[in-house]
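Undergrad: sharing a model that was predicted from the sequence below.
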Amino acid sequence: MAKVSIVCRGIDIYKTYWRGKIPVEALRGVNIEIKNNEYISIMGASGSGKSTLIHILGCLDSPTSGEYYLEDKLVSQYTDLELARIRNKFIGFVFQNFSLLPRLTALENVALPLFYAGVKKRERVEKAKHILNKIGLGDRMAHRPNELSGGECQRVAISRALVNEPKIIFADEPTGNLDSKTGAEIMEIFDYLVEEGNTIVTVTHDQNVAGHAKRIIKLKDGLIQHD
């Protein structure tokens, strides 16, 4: 039986923020391991630490103490420049508010990570077109975000997350700004992406969204309550 590779691993992760002189412990000793092709949902009430955890897993923030590894390399050993490259190539992000650049077309938004990766223009365009066609937006490539529906904007955001063929995709409340029907369509896309071999971690308070995942991690007061 083939060994399943580990994409990332957190050991005894703590994260403390300061409000003036008052420490706020967002994470209090979290241990987590994510394997290739897993579909995970992280749940918890507001203030449970789920957004803090996904920001650390996505290298958008660093733990106060503990160790975080991406494919067996300790993240704290990377320089800021190396981390920026890793976020661009290794990790895909999908946010609740889409985070699309308003002046760029759908095609240009999707191709943007490839620009930062130094990919030539012709290849950027071909890859972005391929992803948009695959996700059902072949006829909307020239439209800007204000000309697209919420569901279409989220499809563009998913396409952008996929274009660099990342090892892992983090989706923070991916259906939070969508109606229930459109949200269900977006979750069907995630189901399809996992079948294609992608590794996906969603953060949500919505039980319907979490129900698509094969593994649910529940956080409470900065600790994993259930995995």
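TA: Received, thanks. Bear in mind the structure is a predicted one, so any value in this text is a computation, not a measurement.
Undergrad: quick one: secondary structure of the residue nearest the centre of the chain?
TA: With distances taken as Cα atoms, centre = their mean, Phe170 lies nearest the centre of the chain, 1.5 Å away. Put simply, Phe170 is strand when judged by DSSP: H, G, I helix; E, B strand; the rest coil.
Undergrad: if it is in a bridge, with which residues?
TA: Taking DSSP bridges as the rule, Phe170 bridges to Phe93, Val201.
Undergrad: let me see the contact set for it.
TA: 54, 57-58, 91-94, 201-203 (Cβ atoms under 8 Å, 6 or more residues apart in numbering). For every residue, glycine as well, the C-beta is placed using N, CA and C.
Undergrad: next one: Phe93
TA: Taking Cβ under 8 Å, 6+ apart, one finds 58, 99, 161, 169-172 in contact with Phe93.
Undergrad: now do the strands in this structure.
TA: 6-19, 22-35, 39-43, 65-70, 73-74, 91-95, 168-172, 200-203, 215-220, 223-226 (DSSP state E).
Undergrad: want to throw those strands into a markdown table with distance to Pro113 and mean pLDDT?
TA: As requested, those are arranged in a markdown table below (distance: least, Cβ to Cβ, whole Å; pLDDT from 0 to 100):
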| stretch | distance to Pro113 | mean pLDDT |
| --- | --- | --- |
| strand 6-19 | 18 | 93 |
| strand 22-35 | 21 | 94 |
| strand 39-43 | 22 | 95 |
| strand 65-70 | 17 | 94 |
| strand 73-74 | 21 | 91 |
| strand 91-95 | 8 | 89 |
| strand 168-172 | 12 | 92 |
| strand 200-203 | 17 | 94 |
| strand 215-220 | 27 | 94 |
| strand 223-226 | 31 | 93 |
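Undergrad: drop anything exposed from the contacts of Phe93.
TA: Among those, those scoring as buried are 58, 161, 169-172 (criterion: 16 or more other Cβ atoms under 10 Å).
Undergrad: closest one of these to Ile34?
TA: Phe170 (10.2 Å; Cβ to Cβ).
Undergrad: can you tell me how far that closest one sits from Leu57?
TA: Using Cβ to Cβ, to the nearest Å, Phe170 is found at 7 Å from Leu57.
Undergrad: same deal with Ser65?
TA: Counting by Cβ to Cβ - Ser65 and Leu57 are separated by 16 Å.
Undergrad: which of these two has more neighbours?
TA: For Ser65 versus Leu57, neighbours defined as other Cβ atoms under 10 Å are more numerous around Leu57 (26 against 11).
Undergrad: wait, what's in contact with the nearest residue to that one once chain neighbours are set aside?
TA: Spatial nearest neighbour of Leu57, excluding adjacent residues (Cβ to Cβ, 6 or more residues apart in numbering): Cys8 at 6.1 Å. For Cys8, the contact set (Cβ under 8 Å, 6+ apart) comprises 33-34, 57, 68-71, 168.
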